[in-house]
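how would this look folded up:
(chains A and B)
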Amino acid sequence: MEILRETFRSLFDNKLRTFLSMLGIIIGVAAVMTIIAIGDGAREEINRTVSSLGSNIIMVTSSIFSRFASDPLEFKDAINITTMVPGVANATGLLASSYVVEIHGKNTTATVLGVLPGFFEIMNLDVVYGRPINEEDSEELRSSAVIGYNIADKLFGRQEVIGERFNIIQTGSSGSRKITFEVVGVLKKTGSRLLFNIDDLVILPHTVADHRLFHASGRTGQILVSAIDEKSADLARMGIDFYLYRKFEDSKKYTILSQDAILDAVNQITGIFNVILVGIASISLVVGGIGIMNIMLVTVKERTREIGIKMAIGASRRRILLEFLLESVVLTVIAGIIGMILGVFLSGIIVHFGKAFGLSAVFTVKSILLSFGVSAAIGLFFGIYPANQASKLSPVEALRYE
Amino acid sequence: MPGTVLELREVWKIYDMGEVKVEALKGVTFNIEEGEFIIIIGPSGSGKSTLLQILGCLDLPTKGEVIIEGIEVSKMKGPQLAKIRNQKIGFVFQGFNLLPKYTALENVELPMLYAGVPAKKRRERAKELLEMVGLGDRLNHKPTQLSGGQQQRVAIARALANDPAIILADEPTGNLDTKSGEEIFRIFEELNENGVTLGVVTHDLRWLEKGSKIIKLLDGRIEDIEVVRHVGNT
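Numbering: from 1, shown residues only, chains lettered A, B, ... in the order given. Predicted coordinates for the structure are as follows:
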């Protein structure tokens, strides 16, 4: 306790220098804190989005989707899976691409999907005006479209737009052409769900989308399946596997992802991102640590005579070592605390301006303890050398030092 | 019968300056008995400072033995030496060597802090000692707010803090004007009258009449030991 009082005394004696030498650590801890908080926030957001689908969603992807592939996934498979595989409630293929949509000179970019009618049930979508895509739309190749909230808003400025027409602009090597569609349904404002922002969607019958936009001849890159309930998800997954293995006779040609697998994959990716970003931010911690070491070495030099006096009246080398070590640890821990507070503040600001991109910040006990531990460790690591220098001084020479 | 406080036996100190070896002490032997007031004099370069450093356990001899209150210290390691300096030795320096950021009271408390004396006891003892050297009204002054003589008195109080076996002083009046110097003489004499063992290294000849024993150093050897008066058992 007594020794701590001396530590604070010498830190307070040199307020400006103490603050400046803390700055590196403060910035470093604040940066790490912010990145972890935003990263955890993003991960939580993604997890929430994925989980909002319910744990009965299964995704099948084909790694060899291309127009020329000899045996790709097809919409036919989605229909077969729905009718043949036990435990499956609904399934759809998924054609997806970005297009510019326009009407009367107003335009915006939309994610255009070609799907089976089951898509609406699988994604649990609310149609507030009109109706979803149905079997007749597909069979009779009707130019029907269900549009998301943002599309309706940007093209028409309102939501009740059933019967209105709009154009999807397709640009190809022979110039661009307009393909006209009629709005049959408008979706409720929903936000992100799984891979899409629902509000930016234009949903077409798969036959029409394939025929007029994608030219995929019934092929699809992925199939989205919903099981009847959580309990049947495993049964459905096995059934799909069985069906696809019979089709491809090679389990490497397709991948079946359940929600858990998607979550794992997402967490792995965000985890890697986090590690990289924290790694970069940590560089400033190391730089800050070197700054601390530098200032402590100067302090030792300046206080050589004081060290000599203390040794002459009975301070042991251990005591001197402890005094200086404690000084650098207290310095970095205080800097760490200030950095944490600054980090909370900083992530608040970032979240405030980044709300549009779905940014949020999450502070965990883990990240607080981590910042605390890391700053103490920096104090120890970079303080040990100067402290050791101080304790190794010979009392006779230290006393002679002017 | 008073005991022997300090014993030096054939003490050599040789500084290895690379190519040249400087022999600062060449076989110094003498005793300091309890209650004695030793004055060590000699021209500069005679080894006075080196001798004081060895007496005060700030440095170890190259050869020979140093025994303090029956404990052989010449072969001790760092932590033990620090303890000896803390418990057995009280230092008074020419340049006072007080810690500038500490008050008089805190400066006097410091050796007791290292000795592990509880805070309350420390404070009381420090106050007593400062009152004894006539600084009862300067307890919370920092060294810069005190005159040279006052600073030296704080240093004496600090040297006495752990009730050491001997007070060692290096030119204690060297930085002081005559009047302040007189004050320090008086305090040392008083201490000695109360049985405190003293060792003063100086070339201020005024000290000669105060001491009970004069040790004259020349070229790292004892030239002469003059007993002015016998202490205790006479």
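
Over to the spatially most central residue of chain B. Which of the three states is it?
The residue lying closest to the centre of chain B (Cα atoms, centre = their mean) is residue B:168, at 0.9 Å. Classification of residue B:168 using DSSP: H, G, I helix; E, B strand; the rest coil returns strand.

close enough to count as contact, it and residue B:85?
No. Counting by Cβ atoms under 8 Å, residue B:168 does not reach residue B:85; the two are 10.1 Å apart. To be clear about C-beta, it is placed using only N, CA and C from the backbone, and glycine gets the same treatment.

any shared contact partners between these two?
Here residue B:168 and residue B:85 have B:56, B:91 as joint contacts, going by Cβ atoms under 8 Å, 6 or more residues apart in numbering or on different chains.

show me what contacts whatever residue of chain B ends up closest to chain A?
Proximity of chain B to chain A (Cβ to the nearest Cβ) peaks at residue B:86, 2.3 Å away. Residues near residue B:86 by Cβ under 8 Å, 6+ apart: A:313-315, B:111, B:114-115, B:162.

Just name the closest of these to residue A:126, please.
residue A:315 (75.4 Å; Cβ to Cβ).

Quick one: neighbours of the closest residue in space to residue A:364 that isn't next to it in sequence, just the number.
The shortest distance from residue A:364 to any non-neighbouring residue, by Cβ to Cβ, 6 or more residues apart in numbering or on different chains, is to residue A:40 (6.4 Å). Using other Cβ atoms under 10 Å in any protein chain shown, residue A:40 has 20 neighbouring residues.

pretty sure residue A:40 is in a strand, no?
No. Counting by three-state DSSP, residue A:40 falls outside a strand, being helix.

need the contact list for it.
A:361-364, A:367.

Give me the subset of those residues lying in helices.
residue A:367 (DSSP state H).

Drop anything exposed from the contacts of residue A:40.
Those of the contacts of residue A:40 that meet the buried threshold are A:361-363, A:367, by 16 or more other Cβ atoms under 10 Å in any protein chain shown.

quick check, nearest of those residues to chain B?
So of those, ranked by how close each gets to chain B (Cβ to the nearest Cβ), first place is residue A:367, at 37.9 Å.

Could you pull up phi and psi at the closest residue to chain B within the stretch 151-300 of chain A?
Residue nearest to chain B within the stretch 151-300 of chain A: residue A:299 (13.0 Å; Cβ to the nearest Cβ). Backbone dihedrals for residue A:299, given as degrees, to the nearest 10, come out at phi -60, psi -40.

What about it, how many residues nearby?
20.

Hmm, residue A:389 and it touching each other?
No. Taking Cβ under 8 Å as the definition, residue A:299 is not a contact partner of residue A:389, at 10.4 Å.

Longest helix in chain B, please.
Longest helix in chain B, counting by DSSP H: helix B:178-193.

all strands for chain A, in order.
A:57-62, A:73-74, A:88-103, A:106-115, A:127-130, A:144-147, A:165-172, A:175-187, A:192-193, A:196-197, A:201-205, A:219-220, A:222-227, A:254-258 (DSSP state E).

And for chain B?
B:4-17, B:20-33, B:37-41, B:63-68, B:71-72, B:89-92, B:166-170, B:198-201, B:213-218, B:221-227.

Just put the ones you listed in a markdown table and tack on mean pLDDT.
Formatted as a markdown table, the strands of chain B follow (pLDDT from 0 to 100):
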| stretch | mean pLDDT |
| --- | --- |
| strand B:4-17 | 91 |
| strand B:20-33 | 91 |
| strand B:37-41 | 93 |
| strand B:63-68 | 92 |
| strand B:71-72 | 90 |
| strand B:89-92 | 94 |
| strand B:166-170 | 94 |
| strand B:198-201 | 93 |
| strand B:213-218 | 93 |
| strand B:221-227 | 90 |
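
got JSON lines for these, with distance to residue B:120 too?
Listed next are those as JSON lines, based on distance: least, Cβ to Cβ, whole Å:
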{"stretch": "strand B:4-17", "distance to residue B:120": "30"}
{"stretch": "strand B:20-33", "distance to residue B:120": "34"}
{"stretch": "strand B:37-41", "distance to residue B:120": "34"}
{"stretch": "strand B:63-68", "distance to residue B:120": "30"}
{"stretch": "strand B:71-72", "distance to residue B:120": "30"}
{"stretch": "strand B:89-92", "distance to residue B:120": "22"}
{"stretch": "strand B:166-170", "distance to residue B:120": "25"}
{"stretch": "strand B:198-201", "distance to residue B:120": "30"}
{"stretch": "strand B:213-218", "distance to residue B:120": "39"}
{"stretch": "strand B:221-227", "distance to residue B:120": "44"}
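
Report the central residue of chain A.
Closest-to-mean residue, chain A, Cα atoms, centre = their mean: residue A:42 / 3.9 Å.

That one against residue A:354, yeah?
No. If you go by Cβ under 8 Å, residue A:42 and residue A:354 don't touch, sitting 10.0 Å apart.

how many neighbours does residue B:17 have?
Residue B:17, neighbours per other Cβ under 10 Å, totals 8.
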